[in-house]
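Student: Next input, structure requested:
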Amino acid sequence: MLRPHLRRRLKEWAAQGISEAVHPIALQAYDRMIGLEPSEISVDGCITKAPYGGECAGRSPVDRGKQGLKRSLASDACGVPLGLVAAGANRHDTPLLGPTLEAAIGQVGPLPEDVNVNLDRGYDDSKSRTLLTRPDPGR
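Tutor: As a prediction, the model looks like this:
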């Protein structure tokens, strides 16, 4: 558990947008040194606890209705995180696919035309299929 002064500092940094500023810089450096592989993207969501609430927290369907978050993450072929979206824990994966891909595009720029997006069964519906057949998925 974070100590109160660490939690306060973390909240200050979050309010200043430090993570949002550092992540694209780190991705650019990684791409120059090692190389991102955005032609193969995996997107999935997970539910985590949110004991202190927050603007995105919602009732968790797997934790007796306690506060929780649904985190939807897009990563490249090597597992490097490209984009993250948070929502209430009671959200389904499908509506978060577009915003998650948009977050990835916002971090690394346009995706290749032949991008392969790997999804699990939770995304198997017409909305996801329509989104992924567009020439610029996520936009």
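Student: Looks like A50 contacts A87 (just checking).
Tutor: No - counting by CB atoms under 8 Å, A50 sits too far from A87 to count as a contact (11.0 Å). All C-beta atoms are positioned from the backbone trio N, CA, C, and that covers glycine.
Student: could you check the distance from V115 over to I105?
Tutor: To I105, V115 is 10 Å away according to CB to CB, to the nearest Å.
Student: er, I47 I mean
Tutor: According to CB to CB, I47 stands 25 Å off from I105.
Student: same deal with E12?
Tutor: 29 Å.
Student: need the strands for this structure, in chain order.
Tutor: Ranges of strands within the chain are 40-49, 58-59, 67-75, 81-88, 116-118, based on DSSP state E.
Student: And the first one, what does it pack against?
Tutor: Packing contacts for strand 40-49, counted by 3 or more CB pairs under 8 Å, 6 or more residues apart in numbering; DSSP states H and E, involve strand 67-75, helix 94-108, strand 116-118.
Student: Name the residues that touch the second one?
Tutor: Contact partners of helix 94-108, identified using CB atoms under 8 Å, 6 or more residues apart in numbering, comprise 23-24, 27, 31, 36, 38, 41, 43, 45, 70, 72-74, 82-85, 87, 111, 117, 119, 122-123, 125, 127-128, 131, 137-139.
Student: how does it look with 6 Å?
Tutor: Under the contact criterion CB atoms under 6 Å, 6 or more residues apart in numbering, helix 94-108 has outside partners 24, 27, 38, 43, 72, 74, 82-83, 85, 87, 123, 125, 127-128, 131, 137-138.
Student: Can I get the buried part of those residues as one ChimeraX selection?
Tutor: Only the buried entries of the contacts of helix 94-108 go into this ChimeraX selection, using 16 or more other CB atoms under 10 Å:
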select :27,38,43,72,74,82,83,85,87,123,128,131,137,138
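Student: Spatially central, which residue of this structure would that be?
Tutor: Compute the mean C-alpha point of the chain, and by CA atoms, centre = their mean the closest residue is L84, 1.8 Å away.
Student: Cool, thanks, signing off.
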